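A.B. asks: Predicted coordinates and the sequence they were generated for:
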Amino acid sequence: MTKPPLTLYLAAPRGFCAGVDRAIKIVEMAIEKWGAPVYVRHEIVHNKFVVDGLRDKGAVFVEELSECPDDRPVIFSAHGVPKSVPSAAQARNMIYVDATCPLVSKVHIEAQRHADAGLQIIMIGHAGHPETIGTMGQLPEGDVLLVETPEDVASVTVRDEERLAYVTQTTLSVDDTADIVAALQARFPAIIGPHKEDICYATTNRQEAVKAMAPKCDAMLVVGAPNSSNSKRLVEVGARAGCAYAQLVQRAEDIDWRALEGIGSIGITAGASAPEVLINEVIDAFKARYDVTTDLVETAQENVEFKVPRVLRQPA
């Protein structure tokens, strides 16, 4: 039986970013240096396949530091942690390695600098996301206020309208964030923004590739985890950029083939914590059913690399 033809648009950049790459490497190197088990507070990155792979190598994932023994190393996830967490680890004389993405750490430093200058911070982010909890936890309670939508800006109560700064979660939708920033600037003209965009290069690049690809596609799949903020944003960006059907899938087995009946083109991308092996698995699933022609939609090239902490580069 002849397979129906399908144009498969592949977004570039897609998948792993430098911060995710570094975080995974940190867990692997820690196991190599200190042996198993190594404890990891919160999922190192938001991807079940990656977490399960590290668990098989000897990583134990926990939600709180209290679940870790004193005598084993603990790693803090790429999303960042409140200041109280390393303080508690120090108080227990634990070996700990901070795998916070350097671009998240940059936002932490920025928030601290504004607070030191006497400014109250407004954070644009998602309530309950580990990165938001980590950034807000850099300062005493009440020093950082959270807004999630332009509507939230209207109801936020600040100490002094003249002494404000804002920071953002690094994995947000660029367009949604621009709307919230505009609302903040309209209500608080004196508010100070970051020197350089807080939304990270990888989030921005992946969203730009989706915007370029979406109008060409009958449907679009984003390979990523349901708890991955940047992956969920890619689905939203694809839908807004004109793709009639945009869905998040964790693996090839999650593809809803019935929803894709009759398509002539599909766009495929992946969130920053999705490994290439899962993207290839999805592509292979299409090749098994269709006569596929692949077309790369490249909007940027990435060559960013972050060093792992010094403690892992030194012999045990």
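C.D. replies: Ah, there it is. For clarity, every value in this text was computed on a predicted model and none was experimentally measured. Numbering: from 1, shown residues only.

A.B. asks: what pLDDT, on average, does stretch 185-192 get?
C.D. replies: Confidence for stretch 185-192, expressed as mean pLDDT, is 98.

A.B. asks: Contacts for that stretch next, please.
C.D. replies: Under the contact criterion Cβ atoms under 8 Å, 6 or more residues apart in numbering, stretch 185-192 has outside partners 114, 119, 122, 153-154, 158, 161-166, 184. Every residue, glycine included, has its C-beta placed from N, CA and C.

A.B. asks: other SSEs contacting the helix or strand containing residue 288?
C.D. replies: Using DSSP states H and E, residue 288 sits in helix 276-289. With contacts taken as 3 or more Cβ pairs under 8 Å, 6 or more residues apart in numbering; DSSP states H and E, helix 276-289 sits against strand 5-12, strand 219-223, strand 265-270, strand 291-298.

A.B. asks: quick one: which of those strands is nearest residue 314?
C.D. replies: Proximity of the helices and strands packed on helix 276-289 to residue 314 was assessed by Cβ to Cβ; the nearest stretch is strand 265-270, lying at 33.9 Å.

A.B. asks: tell me the contacts of residue 180?
C.D. replies: Taking Cβ under 8 Å, 6+ apart as the test, what residue 180 contacts is 124, 147, 149-150, 152-153.

A.B. asks: Kindly indicate the member of these with the most neighbours.
C.D. replies: residue 124 (25 neighbours; other Cβ atoms under 10 Å).

A.B. asks: tell me the contacts of it?
C.D. replies: The contact partners of residue 124, taken as Cβ under 8 Å, 6+ apart, are 147-148, 166-169, 172, 177, 180-181, 184.

A.B. asks: switch to 10 Å and redo it
C.D. replies: The contact partners of residue 124, by Cβ atoms under 10 Å, 6 or more residues apart in numbering, come to 132, 146-149, 152-153, 166-169, 172, 176-177, 179-181, 183-184, 198-199.

A.B. asks: same question, residue 53
C.D. replies: By Cβ under 10 Å, 6+ apart, the contact list for residue 53 reads 24, 27-28, 47, 59, 275, 277.

A.B. asks: Tell me the buried residues within the residues you listed.
C.D. replies: Among those, those classed as buried by 16 or more other Cβ atoms under 10 Å are 24, 27-28, 47, 59, 275.

A.B. asks: what two of the residues you listed are the furthest from one another?
C.D. replies: Between any two of the buried ones among the contacts of residue 53 (Cβ to Cβ), the greatest distance is 15.7 Å, for 59 and 275.

A.B. asks: distance of residue 113 from residue 194?
C.D. replies: Residue 113 is 10 Å from residue 194, where distance means Cβ to Cβ, to the nearest Å.

A.B. asks: That's all I had, so thanks and see you.
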